[in-house]
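1. Let's see this in three dimensions:
(chains A and B)
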There are 2 protein chains.
Amino acid sequence: MSAPMAAPVLPVRGRLRPLGLDDVRITGGFWAERQSINATATLAHIEHWLERTGWLRNFDLAARGDLPGGRRGREFSDSEIYKFLEALAWEIGRTADAELESSFRGIVRRVAAAQEPDGYLNTKFGRPGQAPRWSDLEWGHELYCVGHLIQAAVARARTRPGAADGLLQVACRAADNVCATFGPDGIDGVCGHPVIETALVELARTTGEDRYLTQAALFVERRGHGRLSDVEFGREYFQDERPVREATVLRGHAVRANYLAAGAVDVAVELKDAGLLEAVRNQWSNTVASRTYVTGGQGSRHQDEAFGEDWVLPPDRAYSETCASVGSVMFAWRLLLADGDPRYADLIERTLYNVVSTSPSVDGRSFFYTNTLHRRELGTLPDADRPSLRAASSLRAPWFEVSCCPTNVARTLASLATYVATCDDEGLQLQQYMPATVEHRLADGREVSVTIATGYPHDGEIRVRIDSDDERPWSLSLRVPAWADNGATVTIDGDRRPVGPGLVTERRTWRRGDEIVLSLPVAPRFTFPDERIDAVRGCVAVERGPLVLAVESVDVPGVETVDELRVDVGEPPRLVDGRVTIRCHRVHPPDHEWPYQPDRDGSAPVVGEVFDVVPLVEYHAWANRGPSTMRVWLPAVTDHTDQD
Amino acid sequence: MSAPMAAPVLPVRGRLRPLGLDDVRITGGFWAERQSINATATLAHIEHWLERTGWLRNFDLAARGDLPGGRRGREFSDSEIYKFLEALAWEIGRTADAELESSFRGIVRRVAAAQEPDGYLNTKFGRPGQAPRWSDLEWGHELYCVGHLIQAAVARARTRPGAADGLLQVACRAADNVCATFGPDGIDGVCGHPVIETALVELARTTGEDRYLTQAALFVERRGHGRLSDVEFGREYFQDERPVREATVLRGHAVRANYLAAGAVDVAVELKDAGLLEAVRNQWSNTVASRTYVTGGQGSRHQDEAFGEDWVLPPDRAYSETCASVGSVMFAWRLLLADGDPRYADLIERTLYNVVSTSPSVDGRSFFYTNTLHRRELGTLPDADRPSLRAASSLRAPWFEVSCCPTNVARTLASLATYVATCDDEGLQLQQYMPATVEHRLADGREVSVTIATGYPHDGEIRVRIDSDDERPWSLSLRVPAWADNGATVTIDGDRRPVGPGLVTERRTWRRGDEIVLSLPVAPRFTFPDERIDAVRGCVAVERGPLVLAVESVDVPGVETVDELRVDVGEPPRLVDGRVTIRCHRVHPPDHEWPYQPDRDGSAPVVGEVFDVVPLVEYHAWANRGPSTMRVWLPAVTDHTDQD
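-> The predicted structure follows:
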């Protein structure tokens, strides 16, 4: 039996198959830099905070029988340790770093020591003086924690199969406890926060044990019938107001919604449940069409970290939680494997560049929890020396009371190579572009390999060199993103031809040294919102390839806040000294005692001086230069304004 | 000594003086109807729920020594009983209803029985098994509850001076306990929820005891120095991040902010503290200029029930809590008395018509807690038989887990007559227009009286007839609202002259039967927002006199939701069969998989059929005809849209 693929998702069937960490190596560029910072700074930063906050020590207290006294952290803090373990597992799989391996084993030992004889593992529930096990399915996060434990174990099993650390055994015992407790004859409940579903399917795929899949399917089917209490935010918050297969769009808490949808794809694929798959596919399409920010971010509300209704996408305090985007990548990736539609990879690209990579600071030691698209006032720097209370912070914080995002980013970056390419019986599909090598054994046993060389996303030229020789033809497919609908070309053997969005497939007998060059039009461009998005009516954004740009006040010394700027959309964005720039007017607002006036002229600002060259910042890079104001969506100068 | 004025606010000095319930009677029209519903339906409805929820019974349990077991309701539930008592006091003052008097006395007995020997009175704290007194100043609401107790007692003392019910004595003992506990040598703290400040000042005014004023001033000065903990929402939530006299705008929790500001005016006026008065006056101006909805509503955020930054006034899920508007009326009224500026009365009028009167349903038995300006989806009817969990409900609910708004509306409506007119040494000022009689003894002892006859706000003609005869001249002033800046006239003795916004004063020797007719231009009109309010860029509202109007889907059978409508602003709103109507286009949105497109035309909707006569609903009356979608701000058809 061959080694398992070192990838987070290994469906038994689907239009496409994933590649693993052993197949794809990111060798440079935007993402290699982020992987390096993740490895050298972020992982140690996380471990420091897990110790400092006592969240890791909770396991020691549990093992010593000292709980509940001294337990620290929220009810879900165990999950951060598991997500950290998952990040370590992928990173060790990527680099075989001995120090990380030692950290990993040490933490696993502490976790394993806290497991109870029947497999139950949670530091918050079930002991004398604690709430009973499973007594708070709405908010207790016990199944959620088990889910992340399983994901860590699966990552380890796929990157270090047969390792003697015992994590897979711990996870299986915990999963067995879940199956025994929540099986058909057990507690008829679901977890307030999904993730156990997708985790159990992956555990079934890893162990070959169908009972985990059965339990996952049971959880998916149970949800949506009001088994959870009607909380302040409504059952929609938990996606428990409507069965998964009857829903038409993601709603409620955006992380929960995406995790659940990912699990539903997993169950549908394994059980060949076409109806369930169609339901979540439809939910994805509707969510992307009317409930997703231009950054790919999802979830607009602070109060319940939830999606709003269709078209409710205010840039102001856009919640756009980092973890919701991690969940969105998980969901879209599973659909991509199931269906092969490049639109899923389009969203993954957009989300990785504009949310996942936005969260960590340039030094990898502080993080956005939420990712607003409009910052009106200068923020105050979060305290670097204590967990931040507020997710709303305009500046990245080192840690949070609810610190789900740093570990989620870390596990995603460490496993990022697995999202670069897929394969099918015909050949390879390149889904994301970055300097990388891709090697893979096709289903018929042939080894194929390519090298990607590119300065993408700043340079649109992507050179793919074939490194393998073969007598028989195979197919190499390249994704042309939807935004590249004007001017993309493919060149092979000097033959250049225009291509449109979607998968461009070239099937031939490839020889070592053959080259295919995809050229994508990455000139900066204006982007106009659907007019139904009330909050950005009359505004434009600027994009460059997959990157969303923003105006940040530190780049415009002549204004008090970026809110004074109005864009001249008659003048396309252009590159000046390597930076994207736009032409703006500064407006001088009317000075009214009451901001609602009977004539339009009375409400319009006076257009003042022109700023011919306003430099933009890539959205992922904003807020790295101190407090600032920022806008992604910029009001356009209107004819009306001009006349004043 | 003369009887006290039956009014909620009796400053020792100020540009204007209030009139009392004995001076002003509302005799018909919009507000008389609401007062009648309040008296005949709402008060009994509230009493029913106070009993049913057990919040009133908590006092019985306290008196019997049975607490904490069986206590029900949130930590601030005592305050609802007090606000109900205040509403009863004003209503009894207005109508001398014997049944209400009996209810009032019965409840006062139950409250008084729960008071502890040292004056402390709260059902949630201080007993064995409860948290200690004053142990949770951030969230415990103990001082807040005392504040509302005092306000009830003050209302009673001014409407039934010397009544033997004992409420004033209960309140004084509670206030004395507060002074003893929080005085200069006591706990150096403030309450997380202001109201004690304004209450203590009014108690000082009622009793002549300066110590209550001193304590109120101490609370005002203490706030803003971080005495309260840094909670998730920040100290701004409590207005504790910045001293009152250093703040430039209202911020944080909108009810707290307005109550505190009202108390600061009271303290400033009593202590002749010009600096403090100037600070809150400036806060009011800035708040009205950039943080107030067109309805007068304040506070845009659900998460912390708080103001957003300047210009953050999204109609979507506008929070605009009913109680924040009650607080805004309290604040503006105090400034009006202090300064005399009619702008304060303008805001009071707007807020009363468009928020306070919006909250209760037509039958007075259900209430909006929040007052959104845009409802996108049909809501579901709240359960009429249990408290609603969700403030966000699109339909009025009979009661809430946090049910501050019904009692706040009730006390405001019962005392509404006191906001109709003011006086100074020269004469009377009519501040609000409704059928009413106003009688008052001027400072020099002369009795003057007028009768107001009007169909306002639907009819702009306001006839003021003089009912008193006097040999010497006195001044009668009429407020011309700021929105009436084009076409208002005053007619006296057949002499008609144009007048502009502000106070129009006519000083003469008035004779019985003299008449002054103010004519206000109440033709419906478009209103355009300041362009900095991003969320309504490109939109218009429709107003008629002081009334804000809205489109409600039940009036437009041809559309699925009101979001399909675009207003033709070239066609002014007009009256058709007594209803305000506008001309709209229905748009057919583009069908994109991704709502952000590279060309503007690709994002614009196709303009479809014309609706020549779209009837509008007065905003206060919306959601009385079942689930509906609704918009106050309507996107205008743009030239750009037209060209498609």
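2. How much space separates A:Arg109 from A:Ala164?
-> Taking CB to CB, to the nearest Å as the measure, A:Arg109 falls 11 Å from A:Ala164. C-betas here are computed from N, CA, C, even on glycine.
3. Between those two, which is the more surrounded one?
-> A:Arg109 (14 against 7; other CB atoms under 10 Å in any protein chain shown).
4. what does the strand or helix carrying that one contact?
-> Here A:Arg109 sits within helix A:98-113, counting by DSSP states H and E. With CB atoms under 8 Å, 6 or more residues apart in numbering or on different chains as the test, helix A:98-113 has contacts from A:39, A:43, A:47, A:56, A:59-60, A:62-63, A:81-82, A:84-85, A:88-89, A:91-92, A:121, A:149, A:156, A:165-167, A:170.
5. where does that helix sit relative to the chain's centre, distance-wise?
-> Here the centre of helix A:98-113 is set off from its chain's centre by 26 Å, with CA atoms, centre = their mean, to the nearest Å.
6. Flag every residue of the stretch 251-400 of chain A that's near chain B.
-> A:285, A:288-290, A:292, A:294, A:301-303, A:308-312, A:314-317, A:343, A:374, A:376-377, A:389-390 (CB under 8 Å from any CB of the partner chain).
7. By proximity to chain B, which residue of the stretch 401-550 of chain A wins?
-> Among the residues of the stretch 401-550 of chain A, A:Asp530 lies nearest to chain B; the distance is 3.6 Å by CB to the nearest CB.
8. wait, that residue sits on A:Leu313?
-> No. A:Asp530 is beyond contact range of A:Leu313, at 9.3 Å (criterion: CB atoms under 8 Å).
9. And the two? Which one has more around it.
-> Between A:Asp530 and A:Leu313, counted using other CB under 10 Å, A:Leu313 has the larger neighbour count: 29 against 22.
10. Quick check: helices, which of the contacts of helix A:98-113 are part of them?
-> A:43, A:47, A:59-60, A:62-63, A:81-82, A:84-85, A:88-89, A:91-92, A:149, A:156, A:167, A:170 (DSSP state H).
11. what about the strands in the stretch 301-450 of chain A?
-> For the stretch 301-450 of chain A, the strands defined by DSSP state E, counting those that start in this stretch occupy A:374-375, A:421-423, A:427-430, A:436-441, A:447-454.
12. pLDDT on the last one, on average?
-> Think strand A:447-454. The pLDDT scores in strand A:447-454 average 97.
13. After it, which helix or strand is next? Please name it.
-> strand A:461-466.
14. Residue ranges in the stretch 351-500 of chain A under the pLDDT threshold?
-> Scanning the stretch 351-500 of chain A for pLDDT under 70 picks out A:390-394.
15. give the contact list for the residue of it found nearest chain B.
-> Closest to chain B within the stretch 351-500 of chain A is A:Arg376: 4.6 Å, counting by CB to the nearest CB. By CB under 8 Å, 6+ apart, the residues touching A:Arg376 are A:Asp316, A:Thr561, A:Asp563, A:Thr629, B:Glu309, B:Asp310, B:Trp311, B:Val312.
16. Could you do A:Asn38 as well?
-> A:Ala87, A:Glu91, A:Pro360, A:Gly364, A:Val409, A:Ala410, A:Leu413, A:Ala414.
17. hmm, 7 Å instead?
-> Contact analysis of A:Asn38 by CB atoms under 7 Å, 6 or more residues apart in numbering or on different chains lists A:Gly364, A:Ala410, A:Leu413, A:Ala414.
18. Of those, which pair is most distant in space?
-> A:Gly364 and A:Ala414 (12.2 Å; CB to CB).
19. Look at these two and report which has more neighbours.
-> A:Ala414 (28 against 23).
20. hmm, back to that, in helices, which of the contacts of A:Asn38 fall?
-> A:Ala410, A:Leu413, A:Ala414.
21. a markdown table please, covering the residues you listed and showing distance to A:His141.
-> Putting these into a markdown table (distance: CB to CB, whole Å) gives the following:
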| residue | distance to A:His141 |
| --- | --- |
| A:Ala410 | 20 |
| A:Leu413 | 24 |
| A:Ala414 | 23 |
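22. Which single one of these is nearest to A:Leu430?
-> Nearest member of these to A:Leu430, counting by CB to CB, is A:Leu413, at 19.6 Å.
23. For the stretch 451-600 of chain A, what lies in contact range of chain B?
-> For the stretch 451-600 of chain A, the residues in contact with chain B (CB under 7 Å from any CB of the partner chain) are A:482, A:525, A:527-535, A:537-538, A:563, A:589-590, A:592-600.
24. Mind checking which of the residues you listed are buried?
-> A:482, A:525, A:527-535, A:537-538, A:563, A:589-590, A:594-597, A:600 (16 or more other CB atoms under 10 Å in any protein chain shown).
25. I'd guessed A:Ile492 sits against A:Ser519; true?
-> No. Between A:Ile492 and A:Ser519 no contact is recorded; they are 11.9 Å apart, counting by CB atoms under 7 Å.
26. Tell me which of those two has more neighbours.
-> A:Ser519 (19 against 16).
27. so who does that one touch?
-> Applying CB under 7 Å, 6+ apart, the residues near A:Ser519 are A:Gly460, A:Glu461, A:Ala488, A:Thr489, A:Thr491.
28. Touching, the second one and A:Glu515? I think so.
-> Read that as A:Glu461. No. Taking contacts as CB under 7 Å, A:Glu461 lies outside contact range of A:Glu515: 11.3 Å.
29. how much space between A:Thr287 and chain B?
-> Distance, A:Thr287 to chain B, by CB to the nearest CB, to the nearest Å: 11 Å.
30. Who's the closest spatial neighbour of that residue, skipping the chain neighbours?
-> A:Leu250 (4.4 Å; CB to CB, 6 or more residues apart in numbering or on different chains).
31. for the one you found, helix, strand, or coil?
-> Per DSSP: H, G, I helix; E, B strand; the rest coil, the secondary structure class of A:Leu250 is coil.
32. of all of the stretch 101-250 of chain A, which residue lies closest to chain B?
-> For the stretch 101-250 of chain A, CB to the nearest CB, closest residue to chain B: A:Glu232, 5.2 Å.
33. Now stretch A:460-469: buried residues?
-> Across stretch A:460-469, burial judged by 16+ other CB under 10 Å covers A:Gly460, A:Glu461, A:Ile462, A:Arg463, A:Val464, A:Arg465, A:Ile466, A:Asp467, A:Ser468.
34. Stretch A:346-364 now?
-> Buried residues in stretch A:346-364, counting neighbours by 16+ other CB under 10 Å, are found at A:346-361, A:364.
35. where are the low-confidence patches of chain A?
-> For chain A, the ranges with pLDDT under 70 are A:1-2, A:390-394, A:639-644.
36. Can you give me the domain assignment for it?
-> Chain A is divided into the following domains under automatic domain parsing: A:17-374+A:387-419, A:421-519, A:525-643.
37. what's the neighbour count on the nearest residue to A:Arg463 once chain neighbours are set aside?
-> Sequence neighbours aside, A:Ala453 is the residue nearest to A:Arg463 in space, at 4.5 Å (criterion: CB to CB, 6+ apart). Using other CB under 10 Å, A:Ala453 has 18 neighbouring residues.
38. Distance check, the residue nearest the centre of chain A against B:Pro161.
-> Against the mean C-alpha coordinate of chain A, by CA atoms, centre = their mean, the closest residue is A:Val326 at 2.3 Å. As judged by CB to CB, A:Val326 and B:Pro161 stand 66 Å apart.
39. Same question for A:Trp90.
-> Between A:Trp90 and B:Pro161 the distance is 77 Å, computed by CB to CB.
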